[in-house]
Structure formats: C-alpha cells, structure tokens
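Asks: Provide a 3D model corresponding to the input given below.
(one chain, ligands or ions: 1)
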Amino acid sequence: MLGPVNHIAIAVPDLAAAIALYERLGADVSAPQDLPEHGVTVVFIRLPNTKIELLHPLGERSPIAAFLAKNPSGGIHHVCFEVADIGDAGRTLAESGVRVLGSGEPAIGAHGLPVLFAHPKDFGGALMEFEQAATPAPRP
Ligand code: CO
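Replies: Now for the predicted structure:
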C-alpha cells in the first residue's frame with residue numbers, strides 16, 4: 001500500500017530563517033503559501049527524491065502553534081506517504097489496527113488531494129499522513 005514518501009513536514013518557529021538556510025544550501029524553495037483553512041503557512045523545499053514541507057502557524061487556532069508550544073525550536077511534524085487509492089488505504093489501516101484521526105474518512109489536505117492521518121500511538125510515536133497520488137494507478 002505504501003508508495004513513495006511525498007514529503008516530510010517540519011514545523012519551524014522562524015519561517016524566514018528556515019527559508020534563508022535552505023536557499024543558502026542551494027535548494028529549490030517555493031514561495032510561502034497561506035492555507036487559512038488548515039491554519040498553516042507552507043513552503044516546499046523540492047529535493048531530487050522528495051520534498052520537505054516547512055510548516056508555520058497561521059491564525060489563532062493553528063494546530064502548528066500547539067506543536068511549537070511543546071517544541072519551541074521546531075521539529076519533525078509528520079511524514080507523508082503516497083497511496084494509489086485513499087479509500088483502500090483507509091480500509092487497510094483499519095484492518096491493521098491503526099486508528100485514523102478525525103472522522104476516519106478522507107479529507108482534502110494541504111495540497112488539494114484526499115488525505116488520512118494515522119494516530120501516532122499506532123505508528124511508533126510518529127504522525128503519518130497518507131495522500132492519494134495525483135495520478136492514481138489504474139484499477140485492476
Ligand atoms: Co503533509
């Protein structure tokens with residue numbers, strides 16, 4: 001079920017400083033994107049094999065603000081795997097005893113694609129995101 005790592009998300013307290021660092025290292029850095037419905041500003045660091053997604057709080061009820069309150073220097077927030085079919089992924093997770101966060105149904109994520117998040121307690125303490133690949137594999 002697991003496809004490539006689509007991105008590794010890192011919450012950062014100082015977005016401008018993080019952008020400056022990746023630019024100094026010669027990375028391909030996107031412009032910041034505000035996603036008010038998710039309470040985040042995101043910046044993508046495009047690497048040859050995957051992306052780093054920098055997350056910074058946006059607005060008063062940002063889930064990233066709570067994360068940074070616990071991790072003031074920032075930290076790895078989640079890892080995102082691509083999956084061919086988000087519905088199949090949700091069923092496989094449930095059958096594997098993994099709790100899916102929220103309603104348990106896929107929601108539209110920060111990249112406009114359907115996603116699920118798994119409970120960190122069921123995944124070695126790490127928050128895992130599953131995102132339907134942009135071009136789904138043909139159904140057999
Ligand atoms: Co993500």
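Asks: now stretch 30-38: mean pLDDT?
Replies: Average pLDDT, stretch 30-38: 92.
Asks: okay, how far is it across stretch 106-120, tip to tip?
Replies: 17 Å (CA to CA, to the nearest Å).
Asks: gap between it and the chain center?
Replies: 8 Å (CA atoms, centre = their mean, to the nearest Å).
Asks: and it, which residues are buried?
Replies: Residues of stretch 106-120 classed as buried: 106, 109-111, 113-118 (neighbour count, 16 or more other CB atoms under 10 Å). The way it works is simple: take the backbone N, C-alpha and C, and place the C-beta from them, glycine included.
Asks: CSV for those residues, including pLDDT and distance to Met128?
Replies: Output for the buried residues of stretch 106-120, formatted as CSV (pLDDT from 0 to 100; distance: CB to CB, whole Å):
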residue, pLDDT, distance to Met128
Pro106, 91, 14
Gly109, 85, 13
Ala110, 80, 15
His111, 81, 16
Leu113, 91, 16
Pro114, 94, 15
Val115, 95, 10
Leu116, 96, 9
Phe117, 96, 7
Ala118, 97, 5
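Asks: how about JSON lines for those residues, with distance to the ion and secondary structure added?
Replies: Below are the buried residues of stretch 106-120 laid out as JSON lines (distance: CB to the ion, whole Å; DSSP: H, G, I helix; E, B strand; the rest coil):
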{"residue": "Pro106", "distance to the ion": "14", "secondary structure": "coil"}
{"residue": "Gly109", "distance to the ion": "6", "secondary structure": "coil"}
{"residue": "Ala110", "distance to the ion": "6", "secondary structure": "coil"}
{"residue": "His111", "distance to the ion": "8", "secondary structure": "coil"}
{"residue": "Leu113", "distance to the ion": "10", "secondary structure": "coil"}
{"residue": "Pro114", "distance to the ion": "12", "secondary structure": "strand"}
{"residue": "Val115", "distance to the ion": "7", "secondary structure": "strand"}
{"residue": "Leu116", "distance to the ion": "11", "secondary structure": "strand"}
{"residue": "Phe117", "distance to the ion": "9", "secondary structure": "strand"}
{"residue": "Ala118", "distance to the ion": "12", "secondary structure": "strand"}
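Asks: and the protein, which residues reach the ion?
Replies: 9, 80, 129 (CB under 5 Å from the ion).
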